[in-house]
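J.: Kindly generate the corresponding structure for this input.
(2 chains)
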Protein chains: 2
Amino acid sequence: MQVEIVTIGDELLLGFTIDTNAAHLARQLAAVGVEIVRRTTVGDAAHSIATGVRDALDRAGAVITTGGLGPTADDQTKPAIAALFGRAMRLDDEILEGLRRRWKDRGWGELPVSNEQQAMVPEGARILTNNHGSAPGIWLEDERGRWVAMLPGVPREMRGMLADTLLPLVRERAAASTGTVILSATLRTTGIAESKLADRLGDLARGIHGMPLAYLPGVDGVDLRLTARGLPAPDAQRALADGIAQLRALVGNHAYAEGDRDMADVVLAHCRDHRLHIAVAESCTGGLLGERLTAIPGSSDVFRGGIIAYENDVKHALLGVSEDDLRVHGAVSEPVVRQMAAGVRNRLGAEIGVGITGVAGPGGGTPDKPVGTVWIAVDTGHYQRAYGGRFFGDRAEIRYRATQSALEMIRQAPLR
Amino acid sequence: MQVEIVTIGDELLLGFTIDTNAAHLARQLAAVGVEIVRRTTVGDAAHSIATGVRDALDRAGAVITTGGLGPTADDQTKPAIAALFGRAMRLDDEILEGLRRRWKDRGWGELPVSNEQQAMVPEGARILTNNHGSAPGIWLEDERGRWVAMLPGVPREMRGMLADTLLPLVRERAAASTGTVILSATLRTTGIAESKLADRLGDLARGIHGMPLAYLPGVDGVDLRLTARGLPAPDAQRALADGIAQLRALVGNHAYAEGDRDMADVVLAHCRDHRLHIAVAESCTGGLLGERLTAIPGSSDVFRGGIIAYENDVKHALLGVSEDDLRVHGAVSEPVVRQMAAGVRNRLGAEIGVGITGVAGPGGGTPDKPVGTVWIAVDTGHYQRAYGGRFFGDRAEIRYRATQSALEMIRQAPLR
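T.: Numbering: from 1, shown residues only, chains lettered A, B, ... in the order given. This is a model prediction of the structure:
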């Protein structure tokens, strides 16, 4: 089963919003055997929506749109697509009642007149209930079985409606049509360059069991992705599991996770297994390492906290870094980062202390310590390692790569 | 001048990578008067690239692609588009030499055979130099003046090549064709709902000076965006400046910034003006507030650092929060957050202390303190304010909204 996605919104086309909905939709649909063959983004104008959806419908026969269902004048998705299907618009009393109730329940008072537009639906449409917001979704189908499903643009609402209502509907149709799925599996690597990986993988770089292998370099490292198409689910799963095992054997310890699992999650699980606690001392990353660890639900049984020591006197006062070393070697130096890691471990009563200090840029670089210079240390009391290196990219990338390396150093440390 | 964007890659179509290039391209091009009329994403297969680019070229006559220029077998952009233009591929000695030099200079040894593919170019192509990576870009044009520019998919390389090479080229053509630009201006608001904004704006909600007004709700608040099209640059700038001033008058103090400026930047500038320093005490946000402040270059003259007090005993030991209050009121409570803010201000010697504690979820909620319950306090020594509320969304949204509210509370505080 093939589907095209059309995301609607001037803010997407003009680049003011990054389109995260399209990626989420694609992943969810692939898992039920739907192949996204093309994605189109068009502006808010009714004629742009109509031509974009018409082209997609002509090619694939099935289209999912996001956006343009809101209460304001630039929300034209429903009437534009209704016109494409030759349907009139009508006011749906049940939706209107639901909107009024929602407003009242939340203490927002009377429903604004502008929001009544959200209760207008095309004749003959199937309503997709929205349990996460006010705009309902719409399913329109013609006599030839070609369909368009319209979802809201707000990511939380779109995701909820997809899971609750649209996905079961699409899954039913996809299974009836082929019984096959599209499944991917990803092996995440870090600390090894794309070209070195390719050399190490040799012939496998061209694919395994007919599944193509893609290299996805990013700030986390290089992800290796295998994709199985046109197989029944159990066969696809078997082929992928075997393919990932073959990759793992060649990649070795540079592989840290599968799927989209974050390194922070891997490190937390690793420390949880060893009943160890982490404390962080961050300078140039300013809290990003703590943020990444605590982004994972349930991190509180491993992560104790940390000290953001952005100023030198905070490094001294709260972490016990020697004022002499700060003066002589500078804040971005091996002695300082070692004392940061040991200091935060002691002050917070954790078994593992991590320190990061560096020059994130764009200013602050010197010939000795150019932008991107970062020192990282891990201290466990009976083991200490410091690493100094230079990371490339902009401020955000340098900071992110520094936290990724720090996490990798915890993962590689002899913990007991 | 109208251009279409075609982003290429299975990882985009399958949703494994979020397409940030498209947004960047659109913004940069709009500022030189180029209108992006449609954006398409296709997979890596040569026929998908060829049909996607052909359709776009037929509609707009000018296309920019990203992706598929790498060294691996799934990089098919150049041959696919060369075939569309009826051009053969040839090996470019100069590019090959450059690649070899790059490898040598970086100490990577011999150029791998797989990378030699990056020196293949279509006959008659113009080379777009890549100062930020190994894959050069390509400009192909036919006898009717229709063109395709091919950029790499790695964001840093794409951005560099766009700024260095492609943008000057496109700007020249755009100015020659119309002399007009597309410009947008955005007023950022926080702490006020979309529908309340619409009521407050009244007739202006339909647009100002013929410029449409878009509402862009997000985790930061609601952005209001005006877009001027088809005017010479000075006229567009004048109309936008006047429009934003009219919006500001109606929105009042809920407006905190223009453009894409982050609240953290606004707060840093505000404190810098008052020569005040910030220290943060974070529990549920785990470092995110520090991360947001330090993401802004030059934050070190305002931001001193902070304490990530994820565990209760860290709140007591490092921030001086009363153990009795932690036991009696719980970690997510008004007395605790007030002591966190005051404690971090004292310990780090800052004029402004901020505390955040809450239940970010998905676990940890109780009937009394459901997921989303957050307490925030700002302490300046002579002023203290605490706010307790409930934020909606998932873990990431709740955490982000908590930091946004904390920053807004600093912005609204009487600082002297």
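J.: what's in contact with stretch A:98-109?
T.: Residues outside stretch A:98-109 that contact it (C-beta atoms under 8 Å, 6 or more residues apart in numbering or on different chains): A:Glu110, A:Leu111, A:Asn115, A:Glu116, A:Gln118, A:Ala119, A:Ser134, B:Ala193, B:Ser195. Every residue, glycine included, has its C-beta placed from N, CA and C.
J.: Could you check which helix or strand contains the second one?
T.: So that's A:Leu111. For A:Leu111, there is no enclosing helix or strand under DSSP states H and E.
J.: Quick one: residues contacting it.
T.: Counted by C-beta under 8 Å, 6+ apart, A:Leu111 has contacts A:Leu99, A:Arg100, A:Trp103.
J.: Among those, which one sits closest to A:Gly259?
T.: A:Leu99 (38.6 Å; C-beta to C-beta).
J.: per-residue pLDDT, the closest one?
T.: Predicted confidence (pLDDT) for A:Leu99: 87.
J.: B:Met340 versus that one, what's the distance?
T.: 40 Å (C-beta to C-beta, to the nearest Å).
J.: Please list only the buried members of the contacts of A:Leu111.
T.: A:Leu99, A:Trp103 (16 or more other C-beta atoms under 10 Å in any protein chain shown).
J.: In helices only, show me the contacts of A:Leu111.
T.: The helices, defined by DSSP state H, take in A:Leu99, A:Arg100, A:Trp103 from the contacts of A:Leu111.
J.: any idea how far A:Ile138 is from A:Leu57?
T.: For A:Leu57 relative to A:Ile138 (C-beta to C-beta), the value is 15 Å.
J.: what do you get for A:Ala80?
T.: 12 Å.
J.: Compare these two and say which is more crowded by neighbours.
T.: Between A:Ala80 and A:Ile138, A:Ala80 has the larger neighbour count (other C-beta atoms under 10 Å in any protein chain shown), namely 24 against 21.
J.: part of a strand, is the more buried one?
T.: No. Under DSSP: H, G, I helix; E, B strand; the rest coil, A:Ala80 falls outside any strand and is assigned helix.
J.: nearest to B:Ala245, of the ones in helices among the contacts of A:Leu111?
T.: Using C-beta to C-beta, the ones in helices among the contacts of A:Leu111 come closest to B:Ala245 at A:Trp103, 32.0 Å.
J.: Tell me the confidence at that closest one?
T.: The model reports A:Trp103 with a pLDDT of 81.
J.: Could you list the low-confidence segments of the stretch 151-300 of chain A?
T.: Across the stretch 151-300 of chain A, the ranges flagged by pLDDT under 70 are A:175-177.
J.: Can you show me the strands along it?
T.: Counting by DSSP state E, counting those that start in this stretch, the stretch 151-300 of chain A has strands at residues A:181-189, A:213-218, A:221-231, A:255-258, A:278-282.
J.: Do I have it right that A:Ile329 meets A:Arg338?
T.: No Ile there; residue A:329 is His. No. Applying C-beta atoms under 8 Å as the test, A:His329 and A:Arg338 come out as separate, 10.6 Å apart.
J.: Between those two, which is the more surrounded one?
T.: Shown here are A:His329 and A:Arg338; by other C-beta under 10 Å, A:Arg338 has more neighbours (21 against 15).
J.: and the more buried one, what helix or strand is that in?
T.: Counting by DSSP H and E, A:Arg338 is found in helix A:334-348.
J.: what does A:Lys369 give?
T.: Counting by DSSP H and E, A:Lys369 is found in no helix or strand.
J.: how close does it sit to A:Ile398?
T.: In terms of C-beta to C-beta, A:Lys369 sits 13 Å off from A:Ile398.
J.: OK, contacts around the closest residue to A:Leu348 other than its chain neighbours?
T.: Among residues not flanking A:Leu348 along the chain, A:Ala279 sits closest, at 3.7 Å (C-beta to C-beta, 6 or more residues apart in numbering or on different chains). A:Ala279 makes contact with A:303-307, A:344-345, A:347-350, A:352-354 under the criterion C-beta under 8 Å, 6+ apart.
J.: if we go to 7 Å?
T.: A:Arg304, A:Gly305, A:Gly306, A:Val344, A:Arg345, A:Leu348, A:Ala350, A:Gly353 (C-beta atoms under 7 Å, 6 or more residues apart in numbering or on different chains).
J.: filter these to the buried ones?
T.: A:Arg304, A:Gly305, A:Gly306, A:Val344, A:Arg345, A:Leu348, A:Ala350, A:Gly353.
J.: Spell out which residues of the stretch 251-400 of chain A are next to chain B.
T.: A:286-291, A:293-295, A:297-298, A:300, A:303-311, A:314, A:348, A:362-363, A:393, A:395-396 (C-beta under 7 Å from any C-beta of the partner chain).
J.: If any of these are buried, give me the PyMOL selection for them.
T.: This is how PyMOL selects the buried members of these, with burial counted by 16+ other C-beta under 10 Å:
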select buried, chain A and resi 286+287+288+289+290+291+293+294+295+300+303+304+305+306+307+308+309+310+311+314+348+393+395
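J.: and the residues of the stretch 251-400 of chain A next to chain B, which of them are in helices?
T.: A:Leu288, A:Leu289, A:Gly290, A:Glu291, A:Leu293, A:Thr294, A:Val314, A:Leu348, A:Arg395, A:Ala396.
J.: closest to A:Ala245 among these?
T.: A:Leu293 (29.2 Å).
J.: Please, which helix or strand holds A:Val148?
T.: With DSSP H and E as the test, A:Val148 turns up in strand A:147-151.
J.: give me the number of residues near A:Gln76?
T.: A:Gln76 - counted by other C-beta under 10 Å - has 19 other residues nearby.
J.: Quick check: the gap between A:Asp55 and A:Thr7.
T.: A:Asp55 is 14 Å from A:Thr7, by C-beta to C-beta.
J.: out of the two, which sits in the more crowded spot?
T.: A:Thr7 (27 against 20).
J.: Then that one would be within a strand, right?
T.: Yes. Per three-state DSSP, A:Thr7 lies within a strand segment.
J.: re the thing from before, and A:Lys369 and A:Ile398? which has more neighbours close in?
T.: Neighbour tally, A:Lys369 and A:Ile398, criterion other C-beta under 10 Å: the higher count belongs to A:Ile398, 24 against 19.
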